[in-house]
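1. fold the following for me, if possible:
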Amino acid sequence: MSAPTVYDVAERAQVSIATVSRVYRNPDTVRAQTRERVLAVARELGYVPSGNARGLASRSTGVLGLCFPDYADPEVDNPDDPDSPDTDDPEHMLYADEITRGMERAARRHGYALLIAASLAGGPESLVAKVAGRVDGFAVLARTVPTDDLEVISRRLPIVMIAGPREIDHLDHLEVANADGERDLTTHLIADHGLTRLAFVGGSTDSPDAAARFLGFQRALRAAGLPVPAEPDTRGNFTQADGRSAAERLLHGYGPPPQALVCANDQMAVGTLQALERRRILVPEDMAVVGFDGIPLGRVVRPSLTTVSQPMRRLGQTAVDLLVERLGDPDREPRSVLLPVTQTRRRSCGCP
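-> Residues are numbered from 1 along each chain as shown. Below you'll find the model as predicted:
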């Protein structure tokens, strides 16, 4: 059976070909009711929008794609601010930057170029439209593209899911040991530093990584016989500003302040360090702070940041390896790879 075309979608949805094109390329110009009808038909037919139909059919673009939300922190990535730090500086590389570096190196090794789609300004469908027709396969960070859209694209292209739970069984999947890493770091604070009042600064509610890290935090408290909260003490959206705001909220709470802030990522942990410094709260003497990810910035802040280091570049490299394997053997069984994490103990928790 031949692949469905834009003509098939237009006929079934009873719209013009131009309307189908606008749904994918400029969705805000199409009425919501029409847009949803076109997308529903496209999913039903298994239609994949393509900017290079011949390349899509032959799987010979020589390009791999990476799709992720724009996780840039404006405080370390503001091109309009002349005082903003140089984002090519290794000290300011963030989570998605490190994964991209790993994918770039591995893609080059396998003879592929890398196409990056990192903006959701036009919605997930726009993101897919930009990438799916121009690549031989792509890696997608969890919760970037709706599951229904991934199901459709995966009929044509190899997909590797990075992070989060394995939502689609027939796709290759890659994640790190988030829960185990957070459990072990929290246990270190309790067992080695004698801290018993710990607060968790969680990530956004739709982040599976943040949820897994909070689960590890809960397990450590439970194993130590300490009260186990049902929800994080506060949340943020993974930026330094969110970390500062989270620390301020916790410090304005009732009762004794926590002895340690366990943050769902390093960027928020850096923000909490800034907030505590403004209030003249000493770290780690008055309050410990720990993060998760292992971004280079954690080495240069003062005090240097204790964290769980995940192999971010290896995530990117392994994603490419899985895509290339799939391209060479389309019928092989799907693989799920769990990468280990390590503790990086520095001054912010009280270690030398």
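
2. contacting residues for residue 321?
-> residue 106 (CB atoms under 8 Å, 6 or more residues apart in numbering). All C-beta atoms are positioned from the backbone trio N, CA, C, and that covers glycine.

3. any buried residues in the helix or strand encompassing it, and which?
-> Assigned by DSSP states H and E, residue 321 falls within helix 312-328. Buried residues in helix 312-328, defined by neighbour count with 16 or more other CB atoms under 10 Å: 312-324, 326-327.

4. give me the next element, helix or strand, following it.
-> That would be, after helix 312-328 and using DSSP H and E, strand 336-339.

5. tell me the strands beside that next one, with direction?
-> Take DSSP bridges as the rule and strand 336-339 pairs in its sheet with strand 172-176 (parallel).

6. can I get the partner strand as CSV, trimmed to CA atoms?
-> Output of strand 172-176 as CSV, limited to C-alpha atoms (Å, rounded to 0.1, in the frame of the first residue of the first chain):
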residue,chain,number,x,y,z
ASP,A,172,13.5,2.0,21.5
HIS,A,173,13.8,3.7,24.8
LEU,A,174,16.7,5.3,26.8
GLU,A,175,16.7,6.7,30.3
VAL,A,176,19.0,7.1,33.3
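
7. chain center to it, what's the gap?
-> 12 Å (CA atoms, centre = their mean, to the nearest Å).

8. which stretches of the stretch 201-350 of the chain form strands?
-> Using DSSP state E, counting those that start in this stretch, the strands of the stretch 201-350 of the chain run over 234-235, 260-263, 288-290, 307-309, 336-339, 342-344.

9. contacts for the fourth one next, please.
-> Just to be clear, that refers to strand 307-309. 181-182, 184-185, 266, 269, 290-294, 298, 341-344, 346.

10. return the subset of those residues lying in helices.
-> Using DSSP state H, the subset of the contacts of strand 307-309 located in helices is 181, 182, 184, 185, 266, 269, 298.

11. the helix holding residue 321 vs strand 172-176, what angle?
-> 170 degrees (axes from the mean of the first three to the mean of the last three CA atoms, to 10 degrees).

12. and helix 312-328, average pLDDT?
-> Across helix 312-328, pLDDT averages out at 95.

13. next: stretch 146-163.
-> Here the average pLDDT along stretch 146-163 is 84.

14. ends of it, how far apart?
-> 15 Å (CA to CA, to the nearest Å).
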